[in-house]
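Asker: Just need the structure, nothing else, for what follows:
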Amino acid sequence: MATMGCLIGIFLLVSIGLALSKESIVVVNLMIDADIGPASTSEQIKMAEDALIYLTNQIDPKGLGATIYVTEDMVRADRLGVTYQGTMKNHELALYGNRTDERLSSLSASDQEKLLTAARDKLYSCYVCGGEHMAIKGFRPQAFDQNEETFRILETLGMIYDAGFQAGVVYRPGHENATWPYAIEGYNLYAVPVSTYLINDERVYLSDRYLKEEKKLGGSQWYDLLVKKFNECSENGDPMVVIFSNQVSGSGDYLDAYKKFIDYAVSRQAAFVTTLQLVDMAAARKRGGHIGAIAQANESQLSANASEVGVIANCPSCDKSGDVAVGSVINVTVQKGNKCLSCIQNSTNSTQNA
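Answerer: Below is the predicted model:
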């Protein structure tokens, strides 16, 4: 009987330990901005295209989830590249407005609606002929600038979430301390707070562009901040929502910091999810779901979706096999079951000419 009691005690301790281990899983949502500057030259556009590829090449072979926020200007400049990104099963495409540094709150309601509708439609049109459209369910405003009219318009566009918030800095009433997505009262929308960190008594949001341009952090300092925030999230059970821009982290020491952070988070069994999955997790969490189990299920699904990334397979349209070069990156392989890059090019061209 005593032996049985000991066994039961050990079983309970192990179960509690496993539960705690699952709960300590850090959920990471990479928000990757696909953007170009105003009046960009052809050379600058090419650099922006390549920078986006450098960022996604760090996560795709590992099947890690991420959400790519795309401006209408980026779609116009690189429709093929955006379409290709949308074919990857571990990616979610989300709307980032029309252009860099736009201010929605300065526009009338009707002008906001025209701008956001046109930008959404342009992004929605990035798909392979005969394939499935990528549903556009998320949005983040440039410079976090928006107003109540923006929420109403997002509702009419069928958006599920708005990531124009910062934990403890930009929030809806009653959600000052929210780190997980939460429902926006009065609207059928979820607010997604970007993570923040306390530096010299100031709470700053985790954006490479903001911290480089406004706070003058170097790449190594940015990496140190990312690691500190990751460890803080691990201790507190918070998700880590961080913005990486192709304009900043696509090259130089900030690209080095991005690569190192991905490796660091992976080595600590982080669960990389899209923003839409993070919203789903928040809803399940509110219903009493186990975050560790939900995170593992989400990442398992992403891994299953992306398990054939890197497998050289025949394209169903042209029956060719082999590696596909994207931008200046070599040996990016076609995902099994999808069309190769040249067929995507033909499909998008035929759509544009239709």
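Asker: Give me the buried positions along stretch 279-286.
Answerer: For stretch 279-286, the neighbour count (16 or more other C-beta atoms under 10 Å) marks 279-285 as buried. Placement of C-beta: from N, CA and C, glycine included.
Asker: can you give me the offset of it from its chain's centre?
Answerer: 17 Å (C-alpha atoms, centre = their mean, to the nearest Å).
Asker: if you average pLDDT over that stretch, what comes out?
Answerer: Stretch 279-286 shows a mean pLDDT of 90.
Asker: Likewise for stretch 41-60?
Answerer: Stretch 41-60 comes out with an average pLDDT of 95.
Asker: Over to stretch 84-97?
Answerer: The average pLDDT for stretch 84-97 rounds to 94.
Asker: i'd like the first residue to be 33 from this point on
Answerer: Will do, 33 is the new start, and the previous item becomes stretch 116-129.
Asker: what's the span of that stretch from first residue to last?
Answerer: By C-alpha to C-alpha, to the nearest Å, the extent of stretch 116-129 from end to end equals 20 Å.
Asker: Same question for stretch 297-314.
Answerer: 21 Å.
Asker: Name the residues of that stretch that come out as buried.
Answerer: Buried residues in stretch 297-314, counted by 16+ other C-beta under 10 Å: 297, 302-314.
Asker: mind checking the SS state of the nearest residue to M63 once chain neighbours are set aside?
Answerer: Leaving aside its chain neighbours, M63 sits nearest to I275 (4.6 Å; criterion: C-beta to C-beta, 6 or more residues apart in numbering). Classification of I275 using DSSP: H, G, I helix; E, B strand; the rest coil returns strand.
Asker: I figured I275 was touching S239, is that so?
Answerer: Yes - taking contacts as C-beta atoms under 8 Å, I275 lies within contact range of S239: 4.0 Å.
Asker: Run through the helices of this protein in chain order.
Answerer: Taking DSSP state H as the criterion, the chain carries its helices at 34-55, 74-88, 104-109, 111-119, 141-156, 180-188, 240-245, 251-268, 284-299, 307-318, 323-337, 373-385.
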